[in-house]
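Asks: with the sequence up front, the predicted model follows.
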Amino acid sequence: MSDVADESTGFLNAFFRTPEMEMAELGAGVPAAADLAIGDINPANPHLFKDDCWHEHFARLRAEDPVHLNEIETAGRYWSVTKYDDVRAVDGDWQTFSSARGMTLGLRPSPEVDAQMERLASFISMDPPKHTEQRKTVRAVSAPSNLRNLEPLIRERTANVLDSLPDGETFDWVETVSIELTTLLLASLFDFPLEDRHNLTRWSDIVFAVPEPGGVVETQQQKIDELMQCVAYFEGLWEERRKNPGFDLVSMLVHGEATKDMPTLAHLGNLLLLIVGGNDTTRNTMSGSVYGLNTFGDQYDKLTADPGLVEKMVPEIVRWQTPLSYMRRTATKNCEIRDKAILKGDQVLMWYVSANRDEDVFDNGDVIDIERHNADRQLAFGYGIHYCMGSRLAELQLRILWEEILERFERIEVQDEPERTFSSFVHGYTNLPVTVTRR
């Protein structure tokens, strides 16, 4: 492990010094959107999402400056694309808007930064043909036949977790239900030791965590140290699966033609992608479904009266929550979006969380409507070659969860406002106090 550690620690320390950290240091108390000049709106400020005050900022951008330029010291120039059609167009044009320099707002482009990205690239941070080859390595896990095989296991575990919930006593839905269910499934997909499964949750949490006192991680060094523990743990699993492969994600990466000869550190990019993709996104949609249906109680009433609406509810909840706020691309050449001059090397943020509230596509998009006629047009899973490989699995988990909830409970009631993730990338919850009333 020592060689990997020596190579990795300094690199990871540079790689995870993100522009979000610069913005976090500005402090909380972002002015209301109405009190800012349009040029002063910075939608990548993580305080907007922790304080849940992002809605009006994006509404102003969609109305007044839908292709919006910011520039800060660490990131350089970056554009925020906030309208549905523009987000879809950028996401569908990988030749002009490349994934190869990262999926989140990154450091100011330079040859050194490009070299760092290359070393920790996951297939979501690649363009064809490398993207196609590496994605193919693990796509069997989301094949329809495998989803059919997984459904009984997901349903059994969901039933067990829900049956264990305290009746009439306040508890944290995020920790007790959302994290437990997603981590159990992720451990199965990795064939990861169940007794250590909460390591997966922890590593997922810290990948995009912004260091802050009392936060998920308090310092940059703590973040790097814990990611090195992830490297060490998976290095052991890789060696084991080289000798004894199975039908799991680690075995697929270790033995896949496009990935089997990759060094340890290069594997980490794909592993972190799969951990975050299988954990953060689903669990935050699960938590968002409970919070959202409490916020729009008439929709909860409608669902309770007709449980058959669960199938229609799922894409609407995914749209309303949008568990990853944006994805980044980098311009490969000078180009234009809505007459704005995008320069080669500029970062372009596709704000799914805004596109999914675009008034031109989703009428009254800030509310949940479980019978919304076009909810399946939502862009939370992306569009084009990077469309989320696990989307069907996420939808399956959410559908089963609510089918089992409606069988057991008269109501799940939110007791207080949730605590939200301190990130402009992961749009989620860290605590959601609820009570349940059984039938």
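Replies: Everything's here; your move.
Asks: contacts, neighbours, all on C-alpha from now
Replies: Will do.
Asks: which residue ranges of the stretch 251-400 of the chain form helices?
Replies: 264-295, 297-305, 310-321, 352-355, 391-408 (DSSP state H, counting those that start in this stretch).
Asks: off-centre distance for the fourth one?
Replies: Put plainly, it is helix 352-355. 13 Å (Cα atoms, centre = their mean, to the nearest Å).
Asks: backbone dihedrals for residue 345, both of them.
Replies: Reported as degrees, to the nearest 10, the phi and psi values for residue 345 are phi 90, psi -10.
Asks: how many residues are close by it?
Replies: Residues within reach of residue 345, counting by other Cα atoms under 10 Å, total 21.
Asks: confidence score at residue 229?
Replies: At residue 229, the predicted lDDT confidence score is 85.
Asks: a strand runs through it, doesn't it?
Replies: No - Residue 229 sits outside any strand when classified using DSSP: H, G, I helix; E, B strand; the rest coil, being helix.
Asks: what about it, distance to residue 51?
Replies: 31 Å (Cα to Cα, to the nearest Å).
Asks: with residue 260 instead?
Replies: Relative to residue 51, residue 260 is positioned 43 Å away (Cα to Cα).
Asks: run through the bridge partners of residue 429.
Replies: residue 420 (DSSP bridges).
Asks: pLDDT weak spots in the stretch 201-350 of the chain?
Replies: The model of the stretch 201-350 of the chain has pLDDT under 70 over residues 258, 263-269.
Asks: nearest residue to the middle of this structure?
Replies: residue 324 (3.8 Å; Cα atoms, centre = their mean).
Asks: contacts only, for it.
Replies: With contact set as Cα atoms under 8 Å, 6 or more residues apart in numbering, residue 324 has these partners: 281, 352-353, 380, 425-427.
Asks: make TSV out of those residues and add neighbour count and distance to residue 200.
Replies: Listed next are these as TSV, based on neighbours: other Cα atoms under 10 Å; distance: Cα to Cα, whole Å:
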residue	neighbour count	distance to residue 200
281	25	14
352	27	26
353	27	26
380	27	23
425	25	19
426	23	16
427	25	19
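Asks: can you tell me which of those comes closest to residue 233?
Replies: residue 281 (23.0 Å; Cα to Cα).
Asks: tell me who's in contact with that closest one.
Replies: With Cα under 8 Å, 6+ apart, residue 281 has these contacts: 323-324, 426.
Asks: could you dump those to CSV with distance to residue 340?
Replies: Output for the contacts of residue 281, formatted as CSV (distance: Cα to Cα, whole Å):
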residue, distance to residue 340
323, 28
324, 25
426, 27
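Asks: of those residues, closest to residue 252?
Replies: Looking across the contacts of residue 281 and measuring by Cα to Cα, the closest to residue 252 is residue 324, at 25.5 Å.
Asks: quick one: that closest one from residue 194, how far?
Replies: Distance, residue 324 to residue 194, by Cα to Cα: 26 Å.
Asks: repeat for residue 47
Replies: Residue 47 is 35 Å from residue 194, by Cα to Cα.
Asks: swap in residue 152?
Replies: Distance from residue 152 to residue 194, by Cα to Cα: 18 Å.
Asks: ditto for residue 236
Replies: 16 Å.
Asks: repeat for residue 317
Replies: Relative to residue 194, residue 317 is positioned 29 Å away (Cα to Cα).
Asks: comparing those two, which residue is more hemmed in?
Replies: Between residue 317 and residue 194, counted using other Cα under 10 Å, the more crowded position is residue 317 (24 against 14).
Asks: which residue sits closest to that one, ignoring its sequence neighbours?
Replies: Ranked by Cα to Cα, 6 or more residues apart in numbering and with sequence neighbours excluded, the top spatial neighbour of residue 317 is residue 289, at 6.0 Å.
Asks: against residue 146, how distant is that neighbour?
Replies: 25 Å.
Asks: residue 44 now?
Replies: Distance from residue 44 to residue 146, counting by Cα to Cα: 37 Å.
Asks: okay then, goodbye and thanks.
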